[in-house]
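can you look at this prediction? I've put the sequence above it.
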Amino acid sequence: MKTKQQKDLLAGKLLSYSAAAGAVFAIGQDAEAQVAYTDVDPDVALQATEADSRDTLNIDFNNDEVVDVTIIHGNGDWYSASTYFWRSVRALNGSGAEIAIETLYATSFSASYYFANRFDKDEVLGPDLNWYGLDNSYQLGWWGWSGATSYTYTYGPWADGTADKYLGVRFSLDEGSTFHYGWVRLDVAVDQVQVTVKDYAYEQTAGTTIKAGDIGGTPVESLSNNLDVKVFSYEKSIVISDLDADNAHADIYNTLGQLVRSTPVQSGRTEIQMDTKGMYIVKLKVNEELLTGKVIVK
């Protein structure tokens, strides 16, 4: 009997923030980008552990309670027997959504055997790609085993053991007249035994391209080879996340230059509650390095 475990990333279920709402840590500029970003924290690992079972994750980019894409890990999605076995990772487009496919792997069988393209960071996702929105799932990669010959093989653009690569998705809110472009960052195991969903984002302005990995503003990791930290607003708090350092301190100033918060920052995640909405200047000192940027709390 088939089993199914389904997870949903819908409104309010995971931490999300919008650069347009003043959420991204921006350096030397206002946070005016129209990218809406969701950090899947903690990362979600999908792994079907029984034959003919599936583990799935629904993603709703814009929190309108409509699933835009489902990431699927399947164990024997098409055929499983004592002499032959399949395992795959797939992406299923939701209503009004489409997946960017890699035509190199398109087959003559049917659209359900087309493969979802794999993008590197900063590749542009826009109208010039090959988008498909048929009611079928699209393979990222598959792994097969033949008991008769003890032969194994992998196939597809994501089949070589892929970390921190991007799935291209677009969705329409006006029945296909215009599209919003987005990405989902995934790790896919070389034997397709697991897929991990890390984060996703989309461009809020219809018809505007987005770069894979763009979270809006200026990413903090681009400012230092030694730091990998996110600073953003969530509700009425300023959040410092993904910090790997024991000696850190944050000073927060209002637009008049007045110090309104001064606090040690823990390794991992720290939330700093703010009393009022508005723009703040955050000065984060990590060991001997100093990062400064603007955050808007709404």
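Alright, I've got the coordinates.

could you count how many residues lie near V297?
Other residues within reach of V297, judged by other CB atoms under 10 Å, total 23. All C-beta spots, glycine's among them, are computed from the backbone N, C-alpha and C.

list the residues that contact it.
22, 233, 236-238, 274, 276-280 (CB atoms under 8 Å, 6 or more residues apart in numbering).

again, but for E203
34-35, 180-182, 209-210.

state the pair within the contacts of V297 that is farthest apart.
Pairwise distances across those peak at 14.8 Å for S237 and M279 (criterion: CB to CB).

all strands for the stretch 1-150 of the chain, in order.
Per DSSP state E, counting those that start in this stretch, the stretch 1-150 of the chain carries strands over the ranges 4-9, 16-18, 35-46, 54-59, 69-80, 84-93, 97-102, 115-116, 124-125, 131-132, 137-146.

out of these, which gets nearest to L243?
It's strand 35-46; of those, that one is closest to L243 (CB to CB) at 13.1 Å.

identify the residue spatially nearest to K230, adjacent ones excluded.
With sequence-adjacent residues excluded and distances taken as CB to CB, 6 or more residues apart in numbering, K230 is closest to S241, at 4.6 Å.

pLDDT weak spots in the stretch 101-250 of the chain?
106-113, 147-151, 216-228 (pLDDT under 70).

how far away is G96 from D60?
To D60, G96 is 12 Å away according to CB to CB, to the nearest Å.

which of those two has more neighbours?
D60 (21 against 17).

quick check, the more buried one in contact with T70.
No. The pair D60 / T70 is not scored as a contact, 10.4 Å apart, by CB atoms under 8 Å.

sorry, back to before: tell me which element the residue nearest to K230 is part of?
strand 237-243 (DSSP states H and E).

what's the first helix or strand after that strand?
Counting by DSSP H and E, the element after strand 237-243 in chain order, helix or strand, is strand 248-253.

and for that following strand, what's in contact with it?
Residues contacting strand 248-253 (CB under 8 Å, 6+ apart): 238, 240, 259-267, 270, 272, 274, 280-287.

what angle do it and strand 237-243 make?
For strand 248-253 against strand 237-243, the angle by axes from the mean of the first three to the mean of the last three CA atoms, to 10 degrees is 150 degrees.

chain center to stretch 131-146: distance?
Per CA atoms, centre = their mean, to the nearest Å, the displacement of stretch 131-146 from the mean C-alpha position of its chain is 19 Å.

just the buried positions in it, please.
In terms of neighbour count (16 or more other CB atoms under 10 Å), stretch 131-146 has its buried residues at 131-133, 136-144.

also stretch 265-272?
Buried residues in stretch 265-272, counted by 16+ other CB under 10 Å: 265, 270, 272.

re earlier: inside helices: which ones of the contacts of strand 248-253?
Per DSSP state H, helices hold no members of the contacts of strand 248-253.

make a ChimeraX selection of whichever of those turn out to be buried.
The following ChimeraX line selects those of the contacts of strand 248-253 that are buried, judged by 16+ other CB under 10 Å:
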select :238,240,260,261,265,270,272,274,280,281,282,284,285,286
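
what pairs with the nearest residue to K283 once chain neighbours are set aside across the strands?
Leaving aside its chain neighbours, K283 sits nearest to D251 (4.6 Å; criterion: CB to CB, 6+ apart). Beta bridges link D251 to S262, K283, judged by DSSP bridges.

count of neighbours near D251?
When counting by other CB under 10 Å, one arrives at 16 neighbours for D251.

drop anything exposed from the contacts of V297.
22, 233, 238, 274, 280.

list just the nearest of these to K298.
Of all these, G22 has the smallest distance to K298: 5.8 Å, by CB to CB.

from the chain's centre, how far out does stretch 283-295 sit?
On CA atoms, centre = their mean, the centre of stretch 283-295 falls 26 Å from the chain's centre.

residue contacts, Y280?
Counting by CB under 8 Å, 6+ apart, Y280 has contacts 238, 252-255, 260, 274, 294-297.

reformat those as TSV; add distance to D122.
Converted to TSV, those look like this (distance: CB to CB, whole Å):
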residue	distance to D122
I238	27
I252	31
Y253	32
N254	34
T255	32
V260	36
M274	32
K294	23
V295	24
I296	25
V297	29
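
closest to E175 out of these?
I296 (33.2 Å).
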